[in-house]
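Visitor: Following is a predicted model, sequence given first.
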Amino acid sequence: MNNAAWQDFEVALLAMDRIRARALLRTERLEEAVVSSLESLVIPSLEQIGIRWEAGEISLAQVYMAGRIAEELVDEFLPPMSPQRTDQPKIAIAVLEDCHALGKRIVISALRASGYELTDFGHGLTAVDLARRVKREGVQILLISVLMLHSALRVAELRKLLGDSGDCAGWLPPRLIVGGAPFLFDSRLWRDVGADAMGRNAAEAVSLVKEAVEEQK
């Protein structure tokens, strides 16, 4: 895959041109290598869109719509029930306390483009509510996104709650992968709050999930 291909896909996403974006995916012979083709277009384009938003070059609305279109196309070419989806172990993602969802949307799109199925728990969740849901649904890999430092510090509370089997017989705490601005500013923070790993961007999040999946096989 050359740079021009994913850059063209990025342009199509930012222009909200679903027809052009879909055509670019089709040209990659998806019937032969669905996941690798989706990864090679979707992940780098979404990464660049995130970088451009942080630099103030594009609007939040553009980022939001680009993520929505990318997710729709991923589901079209690789349906949730497709046997090529990697759906074990159970993976979930959430925004802890904060109400932003931009980073989470990009990570979801990147993971689904890589063939993983995951549950979106949403945003604004407290550590207690999130821990309860994780235990109830048997999540084995949990990705947490935060924007503010106070939310990042709440990961320590979540880690403690997840480390307690409580009423769940045979409960094993999930692998906890975190990301967001506070962890970028302080390279030691993810360890201090008890996370297992930290992803600086969507591509790193995908790599960390792949590692976690391999470890749990």
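Guide: Now that the structure is in, tell me what you want to look at.
Visitor: Domains in the protein, by residue range?
Guide: Domain segmentation of the chain under automatic domain parsing yields 3-77, 91-215.
Visitor: Could you single out the most deeply buried of these?
Guide: domain 91-215 (a mean of 19; mean count of other C-beta atoms under 10 Å). C-beta coordinates here come from the backbone N, C-alpha and C atoms, glycine included.
Visitor: which residues of this structure fall in helices?
Guide: Secondary structure of the chain (DSSP state H): helices at 3-14, 18-26, 34-54, 60-77, 102-113, 127-137, 149-162, 181-185, 189-192, 202-215.
Visitor: wait, what's in contact with the most centrally placed residue in the chain?
Guide: What sits nearest the mean C-alpha location of the chain, by C-alpha atoms, centre = their mean, is V107, with 2.5 Å. Contact partners of V107, counting by C-beta atoms under 8 Å, 6 or more residues apart in numbering, are 93, 143, 145, 179, 199, 202, 205.
Visitor: from those, which has minimum pLDDT?
Guide: By pLDDT, A202 ranks lowest within the contacts of V107, coming in at 86.
Visitor: For K135, see how far away the closest residue to that residue other than its chain neighbours is.
Guide: Closest residue to A202 apart from its sequence neighbours, by C-beta to C-beta, 6 or more residues apart in numbering: A110 at 3.9 Å. Distance, A110 to K135, using C-beta to C-beta, to the nearest Å: 26 Å.
Visitor: Please look at the residue nearest to A202 and A205 and confirm they touch.
Guide: Yes: the pair A110 / A205 is scored as a contact, 6.7 Å apart, by C-beta atoms under 8 Å.
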